[in-house]
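Kindly return the folded structure for what I paste below:
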Amino acid sequence: MLTELFDIVQRFMAKLLPQTRGELLVYSNSRDVLEGACNWAQPAALAQMAPDGCWALRRGRSYRFEPDALSFLCDHVREQSHQGDAPYICVPIIAHGDTVGLLHIQFDLGRMEHDILDPQSFAIRCGEHISMAIANVKLRDELHAQSIRDPLTGLYNRRFFMDAMRRSLGATSMGEKGVGLISFDADKFKLFNDNHGHDAGDVVLQAISEKVLEVIPSDAVACRMGGEEFAVIAPNCTAKATESLAETIRAGVAATQVRYVHGALPRITISAGVSFYPTHGSSPQALLKQADEALYAAKAKGRNCIVSAQNRTN
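Residues are numbered from 1 along each chain as shown. The predicted structure is shown next:
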């Protein structure tokens, strides 16, 4: 995790360069500002800064400020009340060829350690190692995300679903609240694909996923199980609340108007089955089986409806 890496940077920079104080900033998701990730030997990292406020980022390479040379203060350094009487260096942090952040190190005059012959060159090497570390962490996170996410909808996949169910069941104590499971799919989706094409079908699946993420609680987990089949895990929930959530998803999808190319697509509905732990099973497989059978009952009932496992008629 990047947060763990930032903690390591904070601890080791203070030990590697004890004659310095500084900070590491990273780009926000919007890429319009950099935000403080960690700092050492100073009260706090700069909350945020504009990319064009640093000469290193503007030039695309390390920038050294020397008080006795023809140098210019970066805006972000001036904002920290730097008087221009001590040297500092700014090092762009580059991961996979993309600038992702900035390492800023200020050297305090009169406190230079003699066991490092060239502290500023050493600081640049530190920036290079931090860049490689961030690149490795980002690559690991990307590969992990690819292994647990559905590439079309961005929802979690079946593999993650089973692990999340086991964790949820293990963390639930016996009582009124438990773990709810909603299994649902798009009604007559094969016919929709045949009439409108698979590209339009993909757009509909994405719209369903967006609606699900919009209406489920923050602790719920939404998954695409495959094809047009989805599931939602609702931890710390009651059976009644799970049924209510399933109805909210059904109504939300039914009211969604999806546009494709130059026109609106026919509205899509879903059918859903609901099961609940511990009432309908004690394992992910048992709960999923009960929810799927309730889903089949909803299909037989006429589609665009919700059936709970406890109300299903054989």
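
Which of the helices or strands spans Leu70?
Leu70 belongs to no helix or strand when assigned by DSSP states H and E.

Give me the next element, helix or strand, following the helix or strand bottoming out on mean pLDDT in the chain.
When each helix and strand of the chain is scored by mean pLDDT, DSSP states H and E, helix 119-148 comes last, with a mean of 86. Later in the chain than helix 119-148, the nearest helix or strand by DSSP H and E is helix 158-170.

In three-state terms, label Thr99 for me.
Each residue gets one of three states, and Thr99 gets strand by DSSP: H, G, I helix; E, B strand; the rest coil.

so what's it up against?
27, 57, 60, 92-93 (Cβ atoms under 8 Å, 6 or more residues apart in numbering). Heads up, the C-betas are built off the backbone N, CA and C, glycines and all.

Please report which of the residues you listed has the highest neighbour count.
When neighbours are counted by other Cβ atoms under 10 Å, Ile93 leads these with 25 neighbours.

Am I right that that one is in contact with Val26?
Yes: between Ile93 and Val26 there is a contact at 7.4 Å, judged by Cβ atoms under 8 Å.

Common neighbours of the two, please.
With Cβ under 8 Å, 6+ apart as the test, Ile93 and Val26 both reach 100-102.

For those, which single residue is the most surrounded?
Leu102 (27 neighbours).

so that one sits in a strand?
Yes: counting by three-state DSSP, Leu102 is part of a strand.

re the thing from before, with the shared contacts of Ile93 and Val26 in mind, which one is nearest to Asp85?
Leu102 (21.9 Å; Cβ to Cβ).

Not counting its neighbours along the chain, what's nearest the closest one?
Nearest residue to Leu102, sequence neighbours excluded (Cβ to Cβ, 6 or more residues apart in numbering): Leu25, at 4.8 Å.

who's in contact with whichever helix or strand the one you found is part of?
For Leu25, the host element (DSSP H and E) is strand 20-27. By Cβ under 8 Å, 6+ apart, the residues outside strand 20-27 that reach it are 2, 6, 9-10, 13, 33-42, 45-46, 48-49, 51, 88, 93, 99-108, 119, 123, 130.

That one vs helix 119-148, what angle?
With axes from the mean of the first three to the mean of the last three Cα atoms, to 10 degrees defining the directions, strand 20-27 sits at 30 degrees from helix 119-148.

Parallel or antiparallel, list what pairs with strand 20-27.
Strand 20-27 has its sheet partners listed here by DSSP bridges as strand 34-40 (antiparallel), strand 98-107 (antiparallel).

Next secondary structure after the shortest one?
Per DSSP H and E, strand 34-40 leads on to strand 48-49 as the next helix or strand towards the C-terminus.

Mean confidence (pLDDT) on the helix or strand just after that following strand, please.
Next in sequence after strand 48-49, counting helices and strands by DSSP H and E, comes helix 55-59. The average of the pLDDT scores along helix 55-59 is 94.

Tell me the buried residues in helix 55-59?
For helix 55-59, burial by neighbour count (16 or more other Cβ atoms under 10 Å) applies to 55-57.

Export the residues you listed to TSV and append columns for distance to His196.
Listed next are the buried residues of helix 55-59 as TSV, based on distance: Cβ to Cβ, whole Å:
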residue	distance to His196
Trp55	54
Ala56	52
Leu57	47
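
Which of the residues you listed sits closest to Val253?
Looking across the buried residues of helix 55-59 and measuring by Cβ to Cβ, the closest to Val253 is Leu57, at 44.7 Å.

residues touching the closest one, list them.
Going by Cβ under 8 Å, 6+ apart, Leu57 touches 51, 90, 92, 99, 102.

quick one: the last one and Ser131, what's the gap?
It stands for Leu102. 11 Å (Cβ to Cβ, to the nearest Å).

Now do the shared contacts for these two.
With Cβ under 8 Å, 6+ apart as the test, Leu102 and Ser131 both reach Ile93.

nearest to Asp187, of the strands paired with strand 20-27?
That would be, of the strands paired with strand 20-27 and by Cβ to Cβ, strand 98-107, which comes in at 43.1 Å.

ok, back up a step: and the contacts of Leu57 as CSV, adding pLDDT and distance to Glu293?
What follows is the contacts of Leu57, written out as CSV (pLDDT from 0 to 100; distance: Cβ to Cβ, whole Å):
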residue, pLDDT, distance to Glu293
Pro51, 92, 56
Cys90, 94, 62
Pro92, 94, 57
Thr99, 92, 53
Leu102, 94, 56
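
ok, these vs Leu70, which is closest?
The closest of the contacts of Leu57, once distances to Leu70 are taken by Cβ to Cβ, is Cys90, at 16.7 Å.

Tell me, how many residues neighbour that closest one?
Using other Cβ under 10 Å, Cys90 is surrounded by 26 other residues.
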